[in-house]
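Visitor: Sequence plus the predicted model coming up.
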Number of protein chains: 2
Amino acid sequence: MTAAELANHYRAYIVCLNAQAWPALGDFVHDDVVHNGRHLGLAGYRDMLIANFADIPDLRFNIGLLLSDPPRVACRLDFDCTPSAEFLGLPVNGRRVTFAENVFYEFRDGRIVQVWSVIDKTAIETQL
Amino acid sequence: MTAAELANHYRAYIVCLNAQAWPALGDFVHDDVVHNGRHLGLAGYRDMLIANFADIPDLRFNIGLLLSDPPRVACRLDFDCTPSAEFLGLPVNGRRVTFAENVFYEFRDGRIVQVWSVIDKTAIETQL
C-alpha cells in the first residue's frame, strides 16, 4: 500500500470502530495484534474495544492528525466524551472530558499488528 | 523536503537536543513555535528544554519509532532517566524511571512550528 492508501485504510478502520462493526474488525486488525506490549490477539483487541464503549457510552474516535509512513501510521485522536465511572484510574464518574490519544500502529499484510498508545491523562486530571 | 530528508532533519534535531547545543536550536525550531497549545517561541522552547535538563540531569532523547509524512513528523521517544525531584506532579525524587513520549511535529520552512506531545504518565506511576 502507498502512504495515501494506508491512510485511507486507517480512516476506514476508524469508521469501523465508530460503527462498532465488530465482524469487520478483522479486515483491519491482525490475529496476532500486540497493544502496548500485551499480546491481545484479534479477539482480545475486540473485547478491549467493546469494554471501552461499555465504559464510555458516547465514545467516538475523531482523527486530529494522521501521518502515514508505510508500514506505520501515527494518529492523534481527539475525544470528547463522558466516561460513566472511573477512567484510567481517575474518578470521572459521568463528567464530560476532552483529551487526546497519540498512537502509533504497525501494519502487516494490511492489518494492525502492533499498537503503541499514550492517552493524555494529565489533560483529564486538570478537568476534574 | 522529501519524507526521508525530513526524517534525517528530525534526527539532527535530536542530536542537537542531546548535545544541549542551544545556539543551533534555531536551525530546527521556528521563532513562532507552539507547544501543546502554548505559544513558547524559540526562546521559550529553549528555556523549557534547559529546564528539562536541569530537572533530569541524565536526560537523553532516544528515537523509538519515527514516521515522516511532510510537513509532519511523529516520533515515539524512549526515556530511561532519573528526575531528581517531582516530575509531571509525581514524586519521582531521584528514582530511575523508563517511559515513552508520543509526539507529533509540524514543520514550516524546515523548522518545527507546532508540537503535540503526550508523555506516558501512567507508566511512571506504576514504577513508583
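Guide: Noted; the coordinates are in hand. Residues are numbered from 1 along each chain as shown, chains lettered A, B, ... in the order given.

Visitor: Any figure for the gap between the residue most central in space within chain A and chain B?
Guide: Nearest to the mean C-alpha position of chain A, by Cα atoms, centre = their mean, lies residue A:61 at 7.1 Å. Going from residue A:61 to chain B by Cβ to the nearest Cβ, to the nearest Å gives 16 Å. For every residue, glycine as well, the C-beta is placed using N, CA and C.

Visitor: In chain A, what residue spans correspond to strands?
Guide: With DSSP state E, the ranges of strands along chain A come out as A:29-35, A:38-39, A:62-69, A:72-81, A:86-87, A:90-91, A:97-108, A:111-119.

Visitor: what about the longest one, near chain B?
Guide: To tie it back to what came earlier, the one meant is strand A:97-108. Yes - counting by Cβ under 8 Å from any Cβ of the partner chain, chain B has neighbours in strand A:97-108: A:100, A:101, A:102, A:103, A:104.

Visitor: Just the buried positions in that strand, please.
Guide: Neighbour-count burial for strand A:97-108, counted by 16 or more other Cβ atoms under 10 Å in any protein chain shown, picks out A:97, A:99, A:100, A:101, A:102, A:103, A:104, A:105, A:106, A:107.

Visitor: Kindly report the residues of chain A close to chain B.
Guide: Residues of chain A lying near chain B (Cβ under 8 Å from any Cβ): A:3, A:64-65, A:67-69, A:72-74, A:76, A:88-89, A:100-104, A:116-122.

Visitor: now those residues: which count as buried?
Guide: By 16+ other Cβ under 10 Å, the residues of chain A next to chain B give A:3, A:65, A:67-69, A:72-74, A:76, A:100-104, A:116-121 as buried.
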